[in-house]
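Participant: need coordinates for the following:
(2 chains)
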Amino acid sequence: MFGWEFPPHITGGLGTACFGLTKGLLHQGVQVIFVVPKAYGDENQQAVRLLNASEIPVDVRTALYKDHWEDISYIEVGSNLIPYNTPEQFYDIINYTRETGKSEYDSIFSKYYEFSGKYGQNLMEEVQRYALVASTIAYKNDFDVIHAHDWLTYPAGIAAKKISGKPLIIHVHATEFDRSGENINQNVYDIERLGMEKADLIIAVSNLTRNIIIERYGIDADKVVTVHNAVEPTSRPGYSYEEKHVKEKIVTFLGRVTFQKGPDYFVEAAYKVLQKDKNVRFVMAGSGDMLNRMIRRVAQLRISKNFHFTGFLDAENVDKMFSMSDVYVMPSVSEPFGISPLEAMRSNVPVVISKQSGVSEVLKYALKIDFWDIDAMADAIYGLLHYDALSRMFIRYGKEEVDTMKWDSAAAMVKDVYIRAIQN
Amino acid sequence: MRSICFYFQVHQPFRLKTYRFFDIGKNHDYFDEFQNRYIARRVADKCYIPTNQVMLDLIKEYGSGFKISYSISGTALDQFEKYTPDVIESFRRLAETGCVEFLAETYTHSLSALKSKEEFVTQVKAQRNKIEQLFGVRPKTFRNTELIYSDHIGEMVADMGFETMLTEGAKHVLGWKSPNYMYCNAINPKLKLLLKNFQLSDDIAFRFSQRSWESWPLTTEKFVDWLNQIDQNQEVVNLFMDYETFGEHQWSETGIFDFMRALPGRVFSHSNYSFNTPSELSERMQPVAAIHVPHPISWADEERDLTAWLGNDLQDEAFDSIYAIEQKVKSTNDFDLIKEWRYLQTSDHFYYMCTKWFSDGDVHKYFNPYGSPYEAFINYMNVLSDFNIRLDNFHVTNNIQINSEVKNNVIEKEEQQTQNLIKSKTKDKVLKVETLKTITISSVLNLTDSDLKKRIKDIDAYTIAAVLNGVKNDIKVKITSVLSKAIQKEISTIDIKSINKASVDKARSIIIDSLKA
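Facilitator: You can find the predicted model right below:
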């Protein structure tokens, strides 16, 4: 499996999904060779190293799954690939890291790491270099099926398939259309389409994504299977309400403040709610290229008394934020899946989500609206804030619903896909 | 004889610390004690102390020939008292020479003139008192925050009894006119105006160390030459600048101190200029014309308008929000709340939210503790959110009705206190001189708060209520201000009308006895 490093190192959906899925697969009796990109500081070290189970950097929660870790081979490949990247962002990050010696992605660039020219200076180069390493790994290891997560690892998957002749499954967590709207990067799109064409089977995280694959990439519908993401049961103690120091109810937006996440619709809906009820505080947590525009808009609407910005939040503060929240809103314009509402529900927060998100296909106890329909959004927020029966019901059944969404069952479906690929 | 009029601005804001959303409702410390202390100390060492020494030496050398003026904001004075008392001492020595004029401004270097006359007037009073208390001279000339001026502001300033005010010689206001004359306010011609000669002022303040400037390096010879080139009939050259120009904006290494040290000598030997303070000029000169300034001007940036502080959405929202709670804050009568609200009015907070980065972007950046105007805005609004929560809580727990009668109590009290302080300094404890016979109820005004509190702490609520019933407002305020919350509450339950004359007299004598004790 060509995946991404496990949490807690990388925040966001990809690492979390890889982790959950791997655990689930191990439970299903599948053996996994897990290959991740990671940049080493020590350039003398081999480009590829095999870690034994005890070295795998996962957090304490895995203690539960200890028995199964023997079935995993964890391979780190020297590379500075980072998930959720556009070529432009990659360039910025590399430059930023080179100039300041600091990195927002500590797990990828360990503190000894220096840019020595060993790795590709632009993303496309690095993706191809990674594929080369992958073919070596494929040559040296024994396996039945190849599983690659998101476009940066597709070329690696294709290379591995070429060497080994084993079936390739690609797992689409997001497409270029989700990341960039209509202004897609043609190179990225080409790699994605090539991966989809070369793949024997494709796993999409939602029907929404499945449709994009079929319609926008022209892939045969029979080849594309939807396996919805799941969510980790939490073992962390929930924050208590002691953390909350304001008496007003809190409505939260949490995520990158980018076009794709629809932060502007959240601001407009907040304005509508505040016309009716001043005893609400809205919080936009996260940062992104639209943040400054949002701050200006909030000031312009004269609602900053009740609308707050926190900037980027780390995991602990995300938990804290959820514990303070009374309603969680995910107004994404385009969201292949969207795991954060599940995390909110797990923390007993009722959610409002856009119909344009993959997660809306699987959730019953969530208020679903069109991202552009700010009246409906305002209405939903107001309802959850004021009609206790509604929010009580959403909290109780929502939690139950989320608890049934186990990675084990998702992994079982993935295993079926494997079997189907091998039999073909 | 022509004049050079030097005025230096001394100001430090109370900078806010990083105040996150999670702090709202929980953490009520807004000001960055460490940074404020650090900067005050740094600027004191680099600028205030050494520059004051230069000025003092010059005054010693030329006697009353060399004169200058300062405007020091209340927030700067508060910080000096807290962090760098040696700066106060050093200004005191300058004050003692008699060659230095101190100007009046708003206490917290605020933009209140644009929003609330009441707040504006109060702040000016407070700053004047502070200056008088510290330096023993009462400011007679006014300059507004950042030299902000309009016809309307000038009118308010004249109403406060000022005869002279300083402002910018903005090109778009003056047109062909020269700033080197005395002008007057368009609404109330009694208010005389001195206008900054921005060319020559900025040659020192901004361009002094700028190597790309054709006249670099600036020498006293060149500068006095330029002064001499000014038409003989023009009466005054007003050199207005931030005091931090010396040693802080222009580092000591640039030679700025040497320039200042040598300038008066060169002026005396090679020109017919003398140095005068604004109030001297005000007595001597007559306005040549009125200037019309319907829209406020300032000394900032190329535009000389308000856009460094107001105008973008962030600034307007923050500015409106802080003044929207004016009456609510004042009606609390709570010293801390009112003080913090004033500190939050300081213009610097809005300056940090400025989104234009033109020719003076460097100046903006230099003073900006925030990475971006957006961060500045978020931080400020978070603080304001918490402040609002405290304000609401205060109102709920104390059951305050907003009305104009009580709202000025604290202000009057502050005023009263400083007046008392000044009195007690000049006249030696008045009470000591008073014989026991002459003590009346109004003697309470001569006592310090803590003394009065001690004396009346055992007197019951009914007696106090009876006394309050028949005294003048200032006495009432004085007494009320030292009462405990419990007594105040008790008093509010007493029906004042039920108190008869006899018990009022009796109560008075009880209080007077306590004063004699």
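
Participant: drop to CA atoms for contacts and neighbour counts, all remaining ones
Facilitator: OK.

Participant: could you count how many residues lie near residue 161?
Facilitator: No chain in the question, so chain A it is. A:Lys161 sits with 22 neighbouring residues when counted by other CA atoms under 10 Å in any protein chain shown.

Participant: hm, I was asking about chain B
Facilitator: 13.

Participant: one more: A:Lys223?
Facilitator: 17.

Participant: got a pLDDT number for it?
Facilitator: Looking at A:Lys223, its pLDDT reads 95.

Participant: surely it is in contact with A:Ala204?
Facilitator: No - at 10.4 Å, A:Lys223 and A:Ala204 do not qualify as touching, with contact defined as CA atoms under 8 Å.

Participant: residues of the lengthiest helix in chain B that come out buried?
Facilitator: When chain B is parsed with DSSP state H, its longest helix is helix B:373-398. Buried residues in helix B:373-398, counted by 16 or more other CA atoms under 10 Å in any protein chain shown: B:373-388, B:391, B:394-395.

Participant: for it, what is the average pLDDT?
Facilitator: Mean predicted confidence for helix B:373-398 is 92.

Participant: what's that helix packed up against?
Facilitator: strand A:307-311, helix B:313-324 (3 or more CA pairs under 8 Å, 6 or more residues apart in numbering or on different chains; DSSP states H and E).

Participant: okay if I get these as TSV plus mean neighbour count and mean pLDDT?
Facilitator: Below are the helices and strands packed on helix B:373-398 laid out as TSV (neighbours: other CA atoms under 10 Å in any protein chain shown; pLDDT from 0 to 100):
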stretch	mean neighbour count	mean pLDDT
strand A:307-311	23	94
helix B:313-324	20	94
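
Participant: any chance of the ones you listed in a markdown table, plus distance to B:Lys485?
Facilitator: Output for these, formatted as a markdown table (distance: least, CA to CA, whole Å):
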| stretch | distance to B:Lys485 |
| --- | --- |
| strand A:307-311 | 35 |
| helix B:313-324 | 28 |
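
Participant: and of those, who's closest to B:Tyr83?
Facilitator: Of all these, it is helix B:313-324 that lies closest to B:Tyr83, at 27.1 Å by CA to CA.

Participant: compute the inter-axis angle for the closest one and helix B:373-398.
Facilitator: Calculated by axes from the mean of the first three to the mean of the last three CA atoms, to 10 degrees, helix B:313-324 forms an angle of 20 degrees with helix B:373-398.

Participant: name the nearest residue to B:Ser514, sequence neighbours excluded.
Facilitator: B:Arg455 (5.9 Å; CA to CA, 6 or more residues apart in numbering or on different chains).

Participant: to clarify, my last question referred to B:Lys115.
Facilitator: B:Tyr323 (7.4 Å).

Participant: who touches the spatially most central residue of chain B in this structure?
Facilitator: Geometric centre of chain B, nearest residue: B:Tyr107, 2.8 Å, by CA atoms, centre = their mean. By CA atoms under 8 Å, 6 or more residues apart in numbering or on different chains, the contact set of B:Tyr107 is B:Ser73, B:Gly74, B:Thr75, B:Gln123, B:Val124, B:Ala126, B:Gln127.

Participant: from those, list the buried ones, please.
Facilitator: Using 16+ other CA under 10 Å as the burial test, the contacts of B:Tyr107 include B:Ser73, B:Gly74, B:Thr75, B:Gln123, B:Val124, B:Ala126, B:Gln127 as buried.

Participant: confirm that the residue nearest to the centre of chain B sits in a helix.
Facilitator: No - per DSSP: H, G, I helix; E, B strand; the rest coil, B:Tyr107 lies outside any helix segment and is coil.

Participant: got the domain ranges for the chain?
Facilitator: In the absence of a named chain, chain A is used. A:13-230+A:407-423, A:241-404 (automatic domain parsing).

Participant: that answer is for a different chain, and I need it for chain B
Facilitator: If you go by automatic domain parsing, chain B breaks into B:2-291, B:313-404, B:428-516.

Participant: go through those and name the closest to A:Val267.
Facilitator: domain B:313-404 (15.2 Å).

Participant: residue farthest from the centroid of chain B?
Facilitator: Outermost in chain B, CA atoms, centre = their mean: B:Ala502 at 47.2 Å.

Participant: hmm, back to that, rebuild the domains of chain A as CSV, extending it with distance to B:Gln229.
Facilitator: Output for these, formatted as CSV (distance: least, CA to CA, whole Å):
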stretch, distance to B:Gln229
domain A:13-230+A:407-423, 51
domain A:241-404, 49
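
Participant: lowest average pLDDT across the ones you listed?
Facilitator: For these, mean pLDDT drops lowest on domain A:13-230+A:407-423, to a mean of 76.

Participant: now do the strands in the stretch 151-300 of chain A.
Facilitator: A:168-172, A:201-204, A:224-226, A:249-254, A:280-285 (DSSP state E, counting those that start in this stretch).

Participant: tell me where the stretch 301-424 of chain A has strands.
Facilitator: A:307-311, A:327-330, A:351-354, A:367-369.

Participant: right, and those - which one's nearest B:Gln327?
Facilitator: So among the strands of the stretch 301-424 of chain A, strand A:307-311 is nearest, using CA to CA, at 23.4 Å.

Participant: export the closest one to PDB, keeping only CA atoms.
Facilitator: This file holds the C-alpha atoms of strand A:307-311, laid out as PDB (Å, rounded to 0.1, in the frame of the first residue of the first chain):
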ATOM      1  CA  PHE A 307     -17.800  36.500  15.000                       C
ATOM      2  CA  HIS A 308     -14.400  35.300  16.000                       C
ATOM      3  CA  PHE A 309     -11.300  33.900  14.300                       C
ATOM      4  CA  THR A 310      -8.900  31.500  15.900                       C
ATOM      5  CA  GLY A 311      -6.400  30.900  13.200                       C
END
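
Participant: how far is it from where the chain is centred?
Facilitator: Its chain's C-alpha centre lies 22 Å from the corresponding centre of strand A:307-311 when counted by CA atoms, centre = their mean, to the nearest Å.

Participant: helices or strands next to that strand in the packing?
Facilitator: Secondary-structure packing of strand A:307-311 (3+ CA pairs under 8 Å, 6+ apart): strand A:280-285, helix B:373-398.
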